[in-house]
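>>> From the sequence below, what's the structure:
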Amino acid sequence: MVITTAFSPAMPPNDGFEEAGIDNVNGTLNGVPAVMPGFFGNHLGIIDLELEPTENGGWQVASSAVSNRAISTKDAEGNFVDLAEADGEIAAAIELEHKATIDWVSEPFAKISAPIFSFFALVQDDPSIQIVADAQIAWGSAFIQGTELDGLPVLSAAAPFRAGRNGVEDYTHVKAGDIAMLDTVSLYVFPNTIRMVKVSGGDVKEWLERSAGQFNQIDMSTSAEQNLLDTSYPTFNFDIIDGVTFEIDVTQPKRYDNEGVLINPESSRIVNLQYQGQAIDPEADFLVVTNNYRASGGGNFPAIDGSSRETFEGPDENRGVLRSYIISEAAKSPETGLDPSADNNWRFAKVSTDTPLNVVFRTSPLDDVAAIAETLPAVTPTSPLKLDENGFALYRIDLQQ
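Residues are numbered from 1 along each chain as shown. Below is the predicted model of the structure:
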């Protein structure tokens, strides 16, 4: 007897994982057939089990095979093409609900007066982070009203979830005008729930040092092309803390490695860290609004482990907080809507060198990106525009201005 079980999305073990107990040929973990998630339902994972009867009338696994199956591909023009036919009976049975869901998530609920995009979220303050930060700070400020925490500074930690991690199309781009529920999902991909952590000013500094691992160290002595972004660093760990101002010195080595391990205790990439125009007090108390993943230790940020610092739990999803904030703020200017523009609370520290640096980073190759870049003084596309091996466009950033 052969039984096939499907999981979606999924991938079997592959040659990228060389650990004890992993069989990359047969797709097992410690002898057990296994598949692991891909992203956004891109593959169907298949486990085939061959069963044989046992003497006591039961069944046991005689052999197994694991594979993955793509559910779509791209044609020559780059359009997605389904590789699996829809089941007509199921499609018909859920047609009304499916259409109603699409209509609901597509229905505008407010207006924004400027576009929201994440094309440059890794190299400068960004509207897709700003609007989340503003919503979280507003929530935190309301949460502590009338409590013993009232009066403490409320900050926000938010990361770019869609900044190319899953390919050249994985960016947020909401044009000025109507905004719908589907747009808030693009802004906040994960169904996290909101949390607030009580930290010190020193904790804020270390939090940002961990985030600054997003960047490679830049050599000031060469004019050869250097990549600014460490593409092995997950963008969802690039937390920007709003409510303070700071600069990132990418000529210094990383203080923490990509796993959050302290590797260069003498290094400091975060400079000129200030709160309300004054150097931050390492001993002062702050409240940082974040999500359940980060507050419980996700990403291995220093001292943020779910137990070392006092944590407060809200009942709402972060994207629900975001949507409520947009509705509330847009109602104050019903004709134009909410302005989501970034407040530029961080930048790269200016590099002083006589060597003309050639520092590049990757982003979306869309024409819209080049148009936006024209409004950003420190960012220019390479001329002619170059694409890397994965189809991303390479842009230059001026660290010397």
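
>>> need the longest helix for the protein.
Using DSSP state H to define each element, the chain has its longest helix at helix 127-143.

>>> Buried residues in that one, which are they?
In terms of neighbour count (16 or more other C-beta atoms under 10 Å), helix 127-143 has its buried residues at 127-140, 143. C-beta coordinates here come from the backbone N, C-alpha and C atoms, glycine included.

>>> between those, which is nearest Asn42?
Distance to Asn42 across the buried residues of helix 127-143 (C-beta to C-beta) is lowest for Ser128, with 23.0 Å.

>>> my guess is the closest one meets Leu122, correct?
No - between Ser128 and Leu122 there is no contact under C-beta atoms under 8 Å: 11.1 Å.

>>> So which elements touch the longest helix of the chain?
Using 3 or more C-beta pairs under 8 Å, 6 or more residues apart in numbering; DSSP states H and E as the contact test, the elements touching helix 127-143 are strand 116-117, strand 154-158, helix 181-187, strand 193-200, strand 240-242, strand 285-291, strand 311-317, helix 318-330.

>>> Can you mark which positions in the second one are buried?
What that stands for is strand 154-158. By neighbour count on 16+ other C-beta under 10 Å, the buried set for strand 154-158 is 154-158.

>>> which two in those residues are spaced the farthest apart?
Longest span within the buried residues of strand 154-158, C-beta to C-beta: Val154 and Ala158, 13.3 Å.

>>> Can you lay out the helices and strands packed on helix 127-143 as a markdown table showing distance to Ser383 and mean pLDDT?
Formatted as a markdown table, the helices and strands packed on helix 127-143 follow (distance: least, C-beta to C-beta, whole Å; pLDDT from 0 to 100):
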| stretch | distance to Ser383 | mean pLDDT |
| --- | --- | --- |
| strand 116-117 | 22 | 96 |
| strand 154-158 | 33 | 98 |
| helix 181-187 | 30 | 94 |
| strand 193-200 | 44 | 98 |
| strand 240-242 | 30 | 98 |
| strand 285-291 | 40 | 98 |
| strand 311-317 | 43 | 94 |
| helix 318-330 | 37 | 96 |
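
>>> Can you add distance to Phe80 and give these back as JSON lines?
Below are the helices and strands packed on helix 127-143 laid out as JSON lines (distance: least, C-beta to C-beta, whole Å):
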{"stretch": "strand 116-117", "distance to Phe80": "22"}
{"stretch": "strand 154-158", "distance to Phe80": "29"}
{"stretch": "helix 181-187", "distance to Phe80": "17"}
{"stretch": "strand 193-200", "distance to Phe80": "32"}
{"stretch": "strand 240-242", "distance to Phe80": "32"}
{"stretch": "strand 285-291", "distance to Phe80": "30"}
{"stretch": "strand 311-317", "distance to Phe80": "28"}
{"stretch": "helix 318-330", "distance to Phe80": "25"}
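
>>> And these: which comes nearest Ala212?
Going by C-beta to C-beta, the one of the helices and strands packed on helix 127-143 nearest Ala212 is strand 240-242, 10.5 Å.

>>> What is the subsequent helix or strand relative to the closest one?
Later in the chain than strand 240-242, the nearest helix or strand by DSSP states H and E is strand 245-248.

>>> Just checking: what are the partner strands of that following strand?
strand 270-275 (antiparallel), strand 346-348 (parallel) (DSSP bridges).

>>> Quick check: which of those strands is buried the most?
strand 346-348 (a mean of 21; mean count of other C-beta atoms under 10 Å).

>>> got the CA coordinates for the helix or strand that it is followed by in PDB?
Counting by DSSP H and E, the next helix or strand C-terminal to strand 346-348 is strand 358-363. C-alpha atoms of strand 358-363 as PDB (Å, rounded to 0.1, in the frame of the first residue of the first chain):
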ATOM      1  CA  ASN A 358      31.500  53.000  -4.700                       C
ATOM      2  CA  VAL A 359      28.900  51.500  -2.300                       C
ATOM      3  CA  VAL A 360      25.900  49.700  -3.900                       C
ATOM      4  CA  PHE A 361      22.800  48.000  -2.600                       C
ATOM      5  CA  ARG A 362      20.100  46.100  -4.300                       C
ATOM      6  CA  THR A 363      16.400  46.800  -4.700                       C
END
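
>>> which other helices and strands contact whatever helix or strand comes next after strand 358-363?
Next along the chain after strand 358-363, taking DSSP H and E as the criterion, comes helix 367-373. The contact analysis (3+ C-beta pairs under 8 Å, 6+ apart) places helix 367-373 against strand 379-387.

>>> Contacts for the strand it packs on, please.
Identification of contacts with strand 379-387 by C-beta atoms under 8 Å, 6 or more residues apart in numbering yields 120, 123-124, 360, 365, 370, 373, 393-398.
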